[in-house]
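1. Build me a structure from this.
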Amino acid sequence: MTSEHSERPSVSVVDRIAEIAKGRTPFSVEFFPPRDEAGEAQLWRAARAFEPMGPAFVSVTYGAGGTTRDRTARIVGELASTTSLLPVAHLTAVGHSVDELRGLIDSFAAVGVRNLLALRGDPQGGVRQEWVKHPEGLEYAVELVELIGAAGDFHVGVASFPEGHPRAVDLDADTANLVAKLRAGAEYSISQMFFDVDDYLRLRDRVCAADPEQGAKPLIPGLMPITSLRSVRRMVELMDSEIPATVLDRLTRAAGDGPEEDRDAVRREGIALATEMGQRLIDEGAPSLHFCTLNFARATSEVLANLGMIEQASPAPSIRR
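-> Okay, the predicted model is just below:
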């Protein structure tokens, strides 16, 4: 590494979680790169709202197929330089040669970003499309973990899948893949969002049984406070996942029988569900909670307040998701 940031000491996600856990349950939030200036302004409003709450870290995703690579790199750099937040940049293998990936890793280092989430990534067109690696790229996320590890002083996380990755042969094979990524140098994993806490607990048990040393690494559960039944159904479809029947029934009853769903009622039920899940995860010893925010702070802050992890959330602004 040749950047001016190369010699600066880096703070890891794991260390930050451990430090915060001395006083309270840590949490983190996930942003996605916006498509336009208005969307970017919304992201920054959310970032500034979360900053005084003290999240362990904030992650910034790629779009499908890595389509927002440049915006991801710019935003995480600005988060690192203009806020007190610890940014984690998603880095995917999809569509990139090894040389391009090395260049991206170096560009993150150049702006002081040393925490990366290593993902194979979904094909453009969605998770159900056939995966085809770049002719000069990488086939598996474990190879990306190794590439980042060889690049210098970085802290690497990976994805985990409580319901199993859609392309995994079975849950045992999916667990073996996660363990391989952890053995390759990943320090923690963040799970895909889920709506059945038992799925997360079973994944944690499988990892611990397969390799107790790797099972000791933080497995951070991914949550999303639901504010729209239509939106969450679309997201779950894109993930090739499903909403448990008991959860869907609660949301459907809240939505009502009219031509348009009762968004306020769905939102209240979604906040209640996320609070219940968060409390059970805390009771079961989850190391931290990770929230998919859709670049809005309000719903997540309400769940955090319900859990006693921050002071009571302030009255809802006009945009209150």
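2. Mind giving me the packing neighbours of the helix or strand harbouring residue 150?
-> Secondary-structure assignment from DSSP states H and E places residue 150 in helix 141-151. Counting contacts by 3 or more CB pairs under 8 Å, 6 or more residues apart in numbering; DSSP states H and E, helix 141-151 packs against strand 87-92, helix 98-110, strand 115-119, strand 155-160, helix 171-183. Quick note: C-beta positions are derived from backbone N, CA and C, even for glycine.
3. Pull the distance from the first one to the chain's centre.
-> Read it as strand 87-92. Here strand 87-92 is found 10 Å from its chain centre; the criterion is CA atoms, centre = their mean, to the nearest Å.
4. quick one: the helix holding residue 150 to helix 98-110, angle?
-> Using axes from the mean of the first three to the mean of the last three CA atoms, to 10 degrees, the direction of helix 141-151 lies 50 degrees away from that of helix 98-110.
5. Need the contact partners of helix 141-151.
-> Outside helix 141-151, the residues within contact range by CB atoms under 8 Å, 6 or more residues apart in numbering are 1, 91-93, 98, 101-102, 105-106, 109, 116, 118-120, 138, 154, 156, 158-159, 177, 180-181, 184-186.
6. go again using 6 Å as the cut-off
-> Residues outside helix 141-151 that contact it (CB atoms under 6 Å, 6 or more residues apart in numbering) are 93, 105, 116, 118-120, 138, 154, 156, 180-181, 184-186.
7. Kindly report the same for stretch 185-193.
-> So stretch 185-193 is contacted by 14, 145, 149, 155-158, 160-162, 217-222, 224, 290, 292 (CB under 6 Å, 6+ apart).
8. what is the rounded mean pLDDT of that stretch?
-> Stretch 185-193 comes out with an average pLDDT of 97.
9. What of stretch 119-133?
-> pLDDT averaged over stretch 119-133 gives 69.
10. What is the nearest of the contacts of helix 141-151 to residue 247?
-> Comparing the contacts of helix 141-151 against residue 247 with CB to CB places residue 119 closest, at 26.0 Å.
11. circling back: can you select the buried ones from the contacts of stretch 185-193 in PyMOL?
-> The following PyMOL line selects those of these that are buried, judged by 16 or more other CB atoms under 10 Å:
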select buried, resi 14+145+155+156+157+158+160+161+162+217+218+219+220+221+222+224+290+292
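12. State whether residue 28 is indeed within a helix.
-> No. Per DSSP: H, G, I helix; E, B strand; the rest coil, residue 28 lies outside any helix segment and is strand.
13. Now do it, the pLDDT please.
-> 98.
14. ok, what's across the strand from it?
-> residue 290 (DSSP bridges).
15. Identify all contacting residues around the one helix or strand in the chain whose mean pLDDT sits lowest.
-> The helix or strand of the chain with the lowest confidence, counting by mean pLDDT, DSSP states H and E, is helix 69-82 at a mean of 86. With CB under 6 Å, 6+ apart as the test, helix 69-82 has contacts from 33, 60, 62, 85, 87, 89, 107, 111, 112, 113.
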